[in-house]
Every structure is written in C-alpha cells, then in structure tokens.
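Chemist: Structure, please.
(chains A and B)
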Amino acid sequence: DQQVKQNSPSLSVQEGRISILNCDYTNSMFDYFLWYKKYPAEGPTFLISISSIKDKNEDGRFTVFLNKSAKHLSLHIVPSQPGDSAVYFCAASSYSSNTGKLIFGQGTTLQVKP
Amino acid sequence: NAGVTQTPKFRVLKTGQSMTLLCAQDMNHEYMYWYRQDPGMGLRLIHYSVGEGTTAKGEVPDGYNVSRLKKQNFLLGLESAAPSQTSVYFCASSLGVWVDTQYFGPGTRLTVL
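Modeler: Residues are numbered from 1 along each chain as shown, chains lettered A, B, ... in the order given. Have a look, this model is predicted:
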C-alpha cells in the first residue's frame, strides 16, 4: 500500500521553462512534507519542505504547494536549469509519531534540456 | 565535518553469505535510519533508532538486523543474504523528529548473486 505516490516517473522540460512535479498521499496523519533531490551515485539531499498548516512555501526558484483537501502537493521550479536534472522524491512525515520516519514516493526523474 | 559516511560503497555477495554495513555520523545526531532504494519503489525504511541503544522496525525489516551501540554508529546486518536484498542502501541521521535535519549518506550498492 503506497502511502505516497509520484505517478509520473519522468518529466522533460526546456531550460528556462517551469517544471512541475506532483505527489499524492493517502494518510491523513501526515503533517509535514518534503522534497529531496538526488543525483546519480549520491544520497538524497533536502530541497524544500512544507508544514500542513501552510499551503505554500517558497525558496528561491523552488516553490512547494500543498492542497490538503486533495491530499496533493507539487513542486514548481522556475526557471528550470540543466543543473536541476535529477531524481526528485516527495516524502511525508507525521510529527505525532515522534520518530522522524519519512515515507517516500517512487521518485520523478527530471531532465532539463539546454 | 564528514557528515554521514557509509562503508563499504560497493559489495557483491553470494546467496547465504552475511555482511554488515556501517553508517557513521559526526553531527551528534540522536536519530538514525536505514533505507533501501529499489527501481520504481522510492526509498523504504528498513530500521531506525531514536537514540543510542535503541532500535525499531521500519516498513521492510525482514532479513535485516541493526545495532546502535554508539551514538555515532548505526550498523545494518544481513545474516543470510538473498537476491531480493540486491539494492542501494542509504543511511540517514537527524537531530530528532525535525525531519528537515535528516541528512543522507552516499549509499552502498549491494548485489546478491
């Protein structure tokens, strides 16, 4: 039972355009959501997060949107750059569990073409 | 600071062999985690620890054991390796429940023949 789903395995966009990566979750207990970026042969690195009390969080070119009623979040990258080409993982957590456990989606491979 | 380091980086085992993966962190983090990454599955939590001397099961614990004898180290053991355990293993650590502080190691690629 996949609690966090990224239904698009891959996405290709042109440099300078917007990249939109999507993520859906099923567990209502999740109250914190994160995006991680992963390059080949490296570990995932934290990119941006959002608490369930917010519907938007912005950090430079990266913005995460949360729609709690739809149990959906998205990551917008504007403008996209070739260096953004990587695998992006959505992850969810529940602070009430007091464990720091993350539940990850399957990942979306983003390719930004020059 | 080295952050989170993993030893070894690569390993090939035969079915039935045993091995231990070592994770070390120098950030004085309380919480540590072991994940495995498989194609199309994302990262799945194997075991985790919320402090020295404690361990708990994650999503996919079967076939693995862990130990956290020292705060800075978290060991993942495979007693009798199976081909289904072929995967990339990532260790992570965090200050506590604040998941924004969860940092990952570079991974160990394990192949079981």
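Chemist: Around chain B, pick out the residues from chain A.
Modeler: Counting by Cβ under 8 Å from any Cβ of the partner chain, the residues of chain A close to chain B are A:4, A:6, A:9, A:32, A:34, A:36, A:41-46, A:49, A:89, A:91, A:93, A:95, A:98-107. All C-beta atoms are positioned from the backbone trio N, CA, C, and that covers glycine.
Chemist: at 10 Å what do you get?
Modeler: Selection of chain A residues close to chain B by Cβ under 10 Å from any Cβ of the partner chain yields A:2-6, A:9, A:32-34, A:36, A:38, A:41-46, A:48-49, A:87, A:89-107.
Chemist: now the helices for chain A?
Modeler: In chain A, no helices are defined using DSSP state H.
Chemist: Residue of chain A nearest chain B, please.
Modeler: Nearest residue of chain A to chain B: A:Gly43, at 3.4 Å (Cβ to the nearest Cβ).
Chemist: Without its sequence neighbours, what residue ends up closest to that residue?
Modeler: In space, and not counting its chain neighbours, A:Gly43 is closest to B:Phe104: 3.4 Å by Cβ to Cβ, 6 or more residues apart in numbering or on different chains.
Chemist: So what's the residue count around that neighbour?
Modeler: Number of residues near B:Phe104 (other Cβ atoms under 10 Å in any protein chain shown) recorded here: 22.
Chemist: repeat for the one 5 residues further on
Modeler: Around B:Arg109 sit 15 other residues, with neighbours defined as other Cβ under 10 Å.
Chemist: Please apply the same query to B:Lys70.
Modeler: 11.
Chemist: Ok, A:Phe46 next?
Modeler: Using other Cβ under 10 Å, A:Phe46 has 16 neighbouring residues.
Chemist: Quickly list what it is bridged to.
Modeler: Here A:Phe46 sits in beta bridges with A:Tyr36, as judged by DSSP bridges.
Chemist: A:Ile77 touches A:Val13, doesn't it?
Modeler: Yes: with contact defined as Cβ atoms under 10 Å, A:Ile77 counts as touching A:Val13 (8.4 Å).
Chemist: Now do the shared contacts for those two.
Modeler: Contact with both A:Ile77 and A:Val13 is made by residues A:19-20, A:84, A:110, A:112, according to Cβ atoms under 10 Å, 6 or more residues apart in numbering or on different chains.
Chemist: Take those residues and keep only those in strands.
Modeler: Using DSSP state E, A:19-20, A:110, A:112 are the members of those that sit in strands.
Chemist: These into a markdown table, with extra columns for neighbour count?
Modeler: Below are these laid out as a markdown table (neighbours: other Cβ atoms under 10 Å in any protein chain shown):
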| residue | neighbour count |
| --- | --- |
| A:Ser19 | 24 |
| A:Ile20 | 16 |
| A:Leu110 | 21 |
| A:Val112 | 21 |
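Chemist: Next up, the contacts around the spatially most central residue of chain B.
Modeler: Residue closest to the average C-alpha location in chain B (Cα atoms, centre = their mean): B:Trp34, at 2.9 Å. B:Trp34 is in contact with B:6, B:21, B:23, B:44-49, B:55, B:58, B:60-61, B:64, B:66, B:74-76, B:89-92, B:105, counting by Cβ under 10 Å, 6+ apart.
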